[in-house]
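Build me a structure from this.
(chains A and B)
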Number of protein chains: 2
Amino acid sequence: MAARIRLSLLAAIAAIALACPHARLSLLAQVDPLPAWNEGAAKRAIIAFVQTTTDPTSAHFVQPSERIATFDQDGTLWVEHPMYTQVMYCLDRVPAVVRAKPELANVEPFKTAMTGDREAIAKLPMPELEKIVATTLSGMSVDQFQTEVRLWIDRARDPRWKRPYIDLAYEPMLEVLNFMRAQGYKTYIVTGSGQDFVRDYAAKVYGIPPEQVIGTAGATEFSYGENGEPVLIKTPKVMLNDNNAGKPEGIHFMIGRRPYAAFGNSTGDRQMLEYTKAGKGPRLAMLILHDDATREYAYGPAQGLPDTKVGTFTQALYDQAKKDGWVVVSMKNDWKRIFAFEQ
Amino acid sequence: MAARIRLSLLAAIAAIALACPHARLSLLAQVDPLPAWNEGAAKRAIIAFVQTTTDPTSAHFVQPSERIATFDQDGTLWVEHPMYTQVMYCLDRVPAVVRAKPELANVEPFKTAMTGDREAIAKLPMPELEKIVATTLSGMSVDQFQTEVRLWIDRARDPRWKRPYIDLAYEPMLEVLNFMRAQGYKTYIVTGSGQDFVRDYAAKVYGIPPEQVIGTAGATEFSYGENGEPVLIKTPKVMLNDNNAGKPEGIHFMIGRRPYAAFGNSTGDRQMLEYTKAGKGPRLAMLILHDDATREYAYGPAQGLPDTKVGTFTQALYDQAKKDGWVVVSMKNDWKRIFAFEQ
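Below you'll find the model as predicted:
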């Protein structure tokens, strides 16, 4: 709570600073907009980028209407290990789906999912996991889905910290979101997770409204309910697979212009960062490296970190980042605090 | 120009009013936010809706973050007769396409389109016109497309008024957009025309940024150009057909919440208005009826107006509007001025 108040205070100060441009730079110098970050190249890069693009006297000034920043969610804004939160949701929904369609009880992958055996479930091949995801995320109205997700988000607990998943947002990244918004940036989530899923808590957790969440999305189908009322039913037909090349494609579809800053943490974010960095003028591309097994998790396989299927950060991506001037954030060295609840 | 200055002035006054809630109602009473509208039920409905949803003491108060208003474009915000502006653009692009692919010169519908014979072109069946649209709107990068559209928008002239198409935006609707925005509404275009096409001039004409334009959209494909730079190529694969049921589906996809107000003018807007009106609390649904052959065009076939394929407003839609409390705007009676250049 204290952290949230501090963030709001910072945002307020930054907003005042924005309204009074002459006071801006000196205020920034006095108030640290990123207190959960250790001093270092990553923190300096963020502050320098924001300053140079929002200072009207700078050669790199960016018009407020053009200030777009995009953020991957899983592994960039909150914890994604041992498994993406949305997959945890989908697994938890399997019993309800099987109750509604008992014929699924003896069909894979539902049979394995019903055992609750996390190890066996983790071994399911990706296409089988996708079947679970598609089945549990479609077939209901968008309103029903919203109700179900909100209930789950309130009740579910992460297995390691025994806390609601929304407590596992990274404090340093919440600071970046607030700092950039206070300087006139419009912040977007660009996630491989489900668009409707993330929208249900994005305002609460990140201060990002539904229309600024771009995610993997199934088509909906407009029809009429029992009383003739219009309803939108979620279908399994994928409209946007918001991973890899799907990220810049989704950004064009939903925003219609190129971001000035993009943040990710895995090979699934590569094209979004390439697309962002290829724009004219100053552009910020940043990748979070999970190298802190003690406070969070350590995985790569870049830099000799353990390999993973969830949020893979290859050595090739690491080398590309170094070559192309993307900033790699070391969670271990660059982040003073990871979660608000640590205080 | 005088009209634009007046609009800006109104917006400024309204913005001040918004910042000082106590002064708001009395200011509204003094300054007419919709001077291009004649006094009548339609004008009263808009003002009453905006007042009741933005007055914090009202039982129908709507939180600023929830204030979403959606506007069809063709026939609602600007002229769509004798043919949708985007189709005019596509027809004008046919020679360039045929130069690039000479084998199309003797293939229909390109052969007819190349003759420039508007009557023959107008008789092409819709699937043939769609072939022209798909061919002229795909195959290039999104940046190339933007350049082409901007050049055309600057140069092309409407056949009747001999003016740039962007001069044919309806002054009364520009007032509604400005009035609603000044009262905290986020205004969206929800159009059957191409999303990228409309985005290229929406900021200039309507004050609406690219990310608030929802339209019929083809998929883009991310790839790399000659110098290895990332490019997005427009493909003919339709991702969103933003007509009829596609409008509420597109609204859910792009915004993720239900509008409080929706404006249209044809049967293609029916589902958007139904979806809007079915929400809880106060909702405004409005249809423009083109019943002014002298100052603009007259078509229906509702109310005995001439039938048309472009922007059809059926009697069934008219009856539904009357039954369900949607407001039907008579262009002839409700609009004092239609275009800014009339002054």
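
does residue A:169 really touch residue A:207, like I thought?
No: using C-beta atoms under 8 Å, residue A:169 makes no contact with residue A:207, being 10.6 Å away. Just so you know, the C-beta spots here come from the backbone N, C-alpha and C atoms, and that holds for glycine as well.

can you pull the contacts of the residue of the stretch 51-200 of chain A found nearest chain B?
With C-beta to the nearest C-beta, the shortest gap between the stretch 51-200 of chain A and chain B falls at residue A:199, namely 4.8 Å. For residue A:199, the contacting residues are A:210, A:213, A:215, B:256, by C-beta atoms under 8 Å, 6 or more residues apart in numbering or on different chains.

Quick check: it vs residue A:248, distance?
Taking C-beta to C-beta, to the nearest Å as the measure, residue A:199 falls 20 Å from residue A:248.

so where does residue A:201 fall, helix or strand?
helix A:195-206 (DSSP states H and E).

Just the buried residues of that helix, please?
By neighbour count on 16 or more other C-beta atoms under 10 Å in any protein chain shown, the buried set for helix A:195-206 is A:195-202, A:205-206.

would JSON lines of the residues you listed with pLDDT and distance to residue A:116 be doable?
Putting the buried residues of helix A:195-206 into JSON lines (pLDDT from 0 to 100; distance: C-beta to C-beta, whole Å) gives the following:
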{"residue": "A:195", "pLDDT": "97", "distance to residue A:116": "28"}
{"residue": "A:196", "pLDDT": "97", "distance to residue A:116": "25"}
{"residue": "A:197", "pLDDT": "98", "distance to residue A:116": "21"}
{"residue": "A:198", "pLDDT": "98", "distance to residue A:116": "25"}
{"residue": "A:199", "pLDDT": "98", "distance to residue A:116": "28"}
{"residue": "A:200", "pLDDT": "96", "distance to residue A:116": "24"}
{"residue": "A:201", "pLDDT": "97", "distance to residue A:116": "24"}
{"residue": "A:202", "pLDDT": "98", "distance to residue A:116": "29"}
{"residue": "A:205", "pLDDT": "98", "distance to residue A:116": "27"}
{"residue": "A:206", "pLDDT": "98", "distance to residue A:116": "31"}
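
quick check, nearest of those residues to residue A:144?
For the buried residues of helix A:195-206, the closest approach to residue A:144 (C-beta to C-beta) belongs to residue A:196, at 11.0 Å.

What separation do you get for residue A:266 and residue A:188?
The value you get for residue A:266 to residue A:188, if C-beta to C-beta is used, is 18 Å.

the more surrounded of those two?
residue A:266 (26 against 23; other C-beta atoms under 10 Å in any protein chain shown).

Quick check: closest non-adjacent residue to that one.
Nearest residue to residue A:266, sequence neighbours excluded (C-beta to C-beta, 6 or more residues apart in numbering or on different chains): residue A:311, at 4.6 Å.

dump the residue contacts of that neighbour.
Contacts for residue A:311 were tallied using C-beta under 8 Å, 6+ apart; they are A:74-75, A:80-81, A:265-266, A:290, A:299.

Adding distance to residue B:52 and pLDDT, write those out as a markdown table.
Rendered in a markdown table, the data for these read as follows (distance: C-beta to C-beta, whole Å; pLDDT from 0 to 100):
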| residue | distance to residue B:52 | pLDDT |
| --- | --- | --- |
| A:74 | 41 | 98 |
| A:75 | 45 | 98 |
| A:80 | 44 | 97 |
| A:81 | 49 | 96 |
| A:265 | 46 | 98 |
| A:266 | 48 | 98 |
| A:290 | 50 | 98 |
| A:299 | 54 | 98 |
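
so what's the most centrally placed residue in chain A up against?
For chain A, residue A:73 is the residue whose C-alpha lies nearest the centre (C-alpha atoms, centre = their mean; 1.0 Å). Applying C-beta under 8 Å, 6+ apart to residue A:73 gives the contacts A:189, A:191, A:193, A:198, A:215.

at 6 Å instead, please
Contact analysis of residue A:73 by C-beta atoms under 6 Å, 6 or more residues apart in numbering or on different chains lists A:189, A:191.

repeat for the one 4 residues further on
Contacts for residue A:77 (C-beta under 6 Å, 6+ apart) come out as A:71, A:169, A:173.

and which of these is nearest to residue A:275?
Nearest member of those to residue A:275, counting by C-beta to C-beta, is residue A:71, at 14.4 Å.

Next, count neighbours for the closest one.
Residue A:71 has 26 nearby residues by other C-beta under 10 Å.

Leaving out sequence neighbours, find the closest residue to residue A:89.
Nearest non-adjacent residue to residue A:89, counting by C-beta to C-beta, 6+ apart: residue A:152, 5.6 Å away.

Could you list the buried residues of stretch A:170-189?
Across stretch A:170-189, burial judged by 16+ other C-beta under 10 Å covers A:170-189.

and if you look at stretch A:142-149?
By neighbour count on 16+ other C-beta under 10 Å, the buried set for stretch A:142-149 is A:142, A:145-146, A:148-149.

Repeat that for stretch A:88-107.
A:88-94, A:97-98, A:104.

Run the chain-centre distance for it.
Offset of stretch A:88-107 from its chain centre (C-alpha atoms, centre = their mean, to the nearest Å): 27 Å.

burial measure for the residue in the stretch 101-250 of chain A that chain B sits nearest to, as a count.
For the stretch 101-250 of chain A, the residue closest to chain B is residue A:210, as judged by C-beta to the nearest C-beta, at 3.1 Å. By other C-beta under 10 Å, 20 other residues sit near residue A:210.

same thing with residue A:58?
Residue A:58, neighbours per other C-beta under 10 Å, totals 12.

thinking again about what came up before, select from the contacts of residue A:311 the one having the most neighbours.
Busiest of the contacts of residue A:311 [other C-beta under 10 Å] is residue A:75, holding 28 neighbours.

for it, what are its contacts?
A:265, A:311.

which residues of chain A fall in strands?
Assigned by DSSP state E, the strands in chain A fall at A:68-71, A:186-194, A:213-224, A:230-240, A:261-264, A:284-289, A:327-330.

Report the buried residues of the longest one.
Burial within strand A:213-224, assessed by neighbour count using 16+ other C-beta under 10 Å, is assigned to A:213-220, A:222.

Can you list the strands that that strand pairs with?
Paired with strand A:213-224 in the same sheet, following DSSP bridges, are strand A:186-194 (parallel), strand A:230-240 (antiparallel).

for the first one, the distance to its chain's centre please.
When you say that, I think you mean strand A:186-194. Mean-position distance between strand A:186-194 and its chain equals 6 Å (C-alpha atoms, centre = their mean).

neighbouring contacts of it?
A:68-71, A:73-74, A:86, A:137, A:177, A:180-181, A:198, A:208, A:212-216, A:242-243, A:247, A:268.

relative orientation of it and helix A:195-206 in degrees?
With axes from the mean of the first three to the mean of the last three C-alpha atoms, to 10 degrees applied, the angle from strand A:186-194 to helix A:195-206 works out at 130 degrees.
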